[in-house]
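K.L.:
attaching a predicted model along with its sequence, questions to come.
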Amino acid sequence: MDSALTVKNVFVSYHGNEALRDVSFSVDPGSLVGIIGPNGAGKSTLIKALLNLIPKDQGEVKIYGKNIKEMRKFIAYVPQRSHIDWDFPITVLDAVIIGCYPTLGLFKRPKKKEKAWALQCLEKVGMQDFSKRQIGELSGGQQQRVFLARALAQKAQVFFLDEPFVGIDAASEETIIHILKELSTNGKTILVVHHDLSKVNDYFDQLIVLNKELIGSGKIDQVLQADVLSKAYSGRFSFLDKLEVQA
């Protein structure tokens with residue numbers, strides 16, 4: 001079976017400053033993958049470069065052997081909450097219905113079927129009772145659930161989430177990771193930029209470790225090791241005492 005995601009020799013720079021250097025890895029279908037590394041390591045940059053949201057200096061990205069443009073409607077992206085205009089005058093339901101557009105076809109508008117599907121997705125994340133609220137009226141955790149519902153509405157095959165657990169309540173985090181694990185079990189591939197290293201064992205089955213270059217990638221038991229994390233975090237890894245790592 002083809003890899004769900006294949007990344008080869010990706011370089012990214014901003015104004016002449018190197019952000020990512022020669023990053024290559026692959027992800028198997030149905031994997032739940034954590035992207036970890038210190039602040040400034042290029043984690044969010046990596047996701048944006050893979051999705052062609054920012055330019056690459058060089059490199060190749062394939063989704064199931066095809067380029068991003070060909071696979072766009074099968075890819076869902078949940079950006080950081082800080083990058084979203086929460087004052088935009090849109091209801092929760094309408095925000096989720098937007099996820100239906102990639103599969104509607106050119107110039108077609110959502111109808112009763114799409115509205116019903118959007119409501120199902122809201123129910124999945126426990127937000128059906130908030131469908132008429134303006135998105136800016138929600139808490140951080142509720143907002144994150146709504147944008148996960150929008151991704152679900154898209155019926156994507158590959159999901160990219162950038163720091164989905166930052167600034168949200170424990171109940172929302174539990175709901176979101178439960179849904180992501182369920183998606184993975186059903187063959188969907190999910191990549192998550194993540195910062196809480198104490199939870200990587202519980203959340204992910206594969207890790208990508210970055211610090212501007214690829215430090216390690218693969219199954220948890222292959223990557224969650226002291227030498228890999230020490231290299232990524234420049235030796236600042238007192239948190240390892242709390243992790244199940246191999247010396």
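P.N.:
Nice, thanks for sending it over.
K.L.:
which strands or helices does the helix or strand encompassing A49 pack on?
P.N.:
Secondary-structure element containing A49, defined by DSSP states H and E: helix 43-50. Here helix 43-50 is seen to pack against strand 5-14, strand 17-27, strand 32-36, strand 58-63, strand 158-162, strand 189-193, strand 206-210 when contacts are counted using 3 or more CB pairs under 8 Å, 6 or more residues apart in numbering; DSSP states H and E. The way it works is simple: take the backbone N, C-alpha and C, and place the C-beta from them, glycine included.
K.L.:
do a quick rundown of the helices in the chain.
P.N.:
When secondary structure is read from DSSP state H, the chain shows helices at 43-50, 68-71, 92-97, 101-104, 112-124, 140-153, 170-185, 200-203, 220-223, 226-232.
K.L.:
run through who's touching the first one.
P.N.:
Okay, so that is helix 43-50. Helix 43-50 has contacts (CB atoms under 8 Å, 6 or more residues apart in numbering) with 5, 7, 10, 12, 19-20, 23, 35-37, 53-56, 59, 61, 68, 77, 80, 160, 162-163, 191, 193, 208, 210.
K.L.:
same question, the third one
P.N.:
Applying CB under 8 Å, 6+ apart, the contact partners of helix 92-97 are 110, 114-115, 118-119, 121-122, 127, 130-135, 138, 146-147, 149-150, 153.
K.L.:
hmm, which helix or strand of this protein has the shakiest average pLDDT?
P.N.:
Least confident helix or strand of the chain, by mean pLDDT, DSSP states H and E, is helix 101-104 with a mean of 74.
K.L.:
and that helix, what's buried?
P.N.:
For helix 101-104, burial by neighbour count (16 or more other CB atoms under 10 Å) applies to P102.
K.L.:
so what's I220 up against?
P.N.:
I220 is in contact with 200-201, 204-207, counting by CB under 8 Å, 6+ apart.
K.L.:
of the residues you listed, closest to D85?
P.N.:
Closest approach between the contacts of I220 and D85, by CB to CB: F204, at 30.1 Å.
K.L.:
point out where the chain drops to low pLDDT.
P.N.:
Residues of the chain meeting the criterion pLDDT under 70: 1, 105-107, 235-247.
K.L.:
point me to the residue sitting closest to the centre of it.
P.N.:
For the chain, the residue whose C-alpha lies nearest the mean C-alpha position (CA atoms, centre = their mean) is L161; its distance is 1.9 Å.
K.L.:
what sits against it?
P.N.:
L161 sits in contact with 77-78, 148, 151, 180, 190-193, where contact means CB under 8 Å, 6+ apart.
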